[in-house]
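A.B. asks: Let me see the structure of the following:
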Amino acid sequence: MTPLFAVSLLFGLTLGQTASLCAPSEYIIHVEKRECSYCLAINTTICAGFCMTRDSNGKKLLLKSALSQNVCTYKEMFYQTALIPGCPHHTVPYYSYPVAVSCKCGKCNTDYSDCVQEKVRTNYCTKPQKLCNL
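C.D. replies: A predicted model of the protein is given here:
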């Protein structure tokens, strides 16, 4: 590798991480249980945005660490619990959900993130809706 190519590659990798647009974003989760009378609309924040990834076409020239596929994921988060209204006594009426405080571009952790992008599903309620005000 020529020194100019190496410097250009290093600059591009560094700029790619600083140019990422990964940040907490407002999101509404709709939660309902079959036994409960209402659907709960919960306002929260999730991590969303663009993270720079690297094309693996040059895998023979680059180190494995330079070929990472980063996703926008939680850096700091906490869990909040909401009460679903209209549930009978024999049903657990609570729902816990993550709230993003800060985000980062990094490897997807399947302990608390869904790392597979599924086809777009409409987020909706089939029962009368109540807004969760925490």
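
A.B. asks: hey, what's Phe78 bridged with?
C.D. replies: Val99 (DSSP bridges).

A.B. asks: Start from the N-terminal end of the protein and give the strands.
C.D. replies: With DSSP state E as the criterion, the chain has strands at 21-32, 39-50, 71-83, 94-106, 129-132.

A.B. asks: any chance of the ones you listed in a markdown table, plus mean neighbour count?
C.D. replies: The way it works is simple: take the backbone N, C-alpha and C, and place the C-beta from them, glycine included. Listed next are those as a markdown table, based on neighbours: other CB atoms under 10 Å:
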| stretch | mean neighbour count |
| --- | --- |
| strand 21-32 | 16 |
| strand 39-50 | 18 |
| strand 71-83 | 15 |
| strand 94-106 | 16 |
| strand 129-132 | 15 |
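
A.B. asks: what's the distance between Lys75 and Lys127?
C.D. replies: 35 Å (CB to CB, to the nearest Å).
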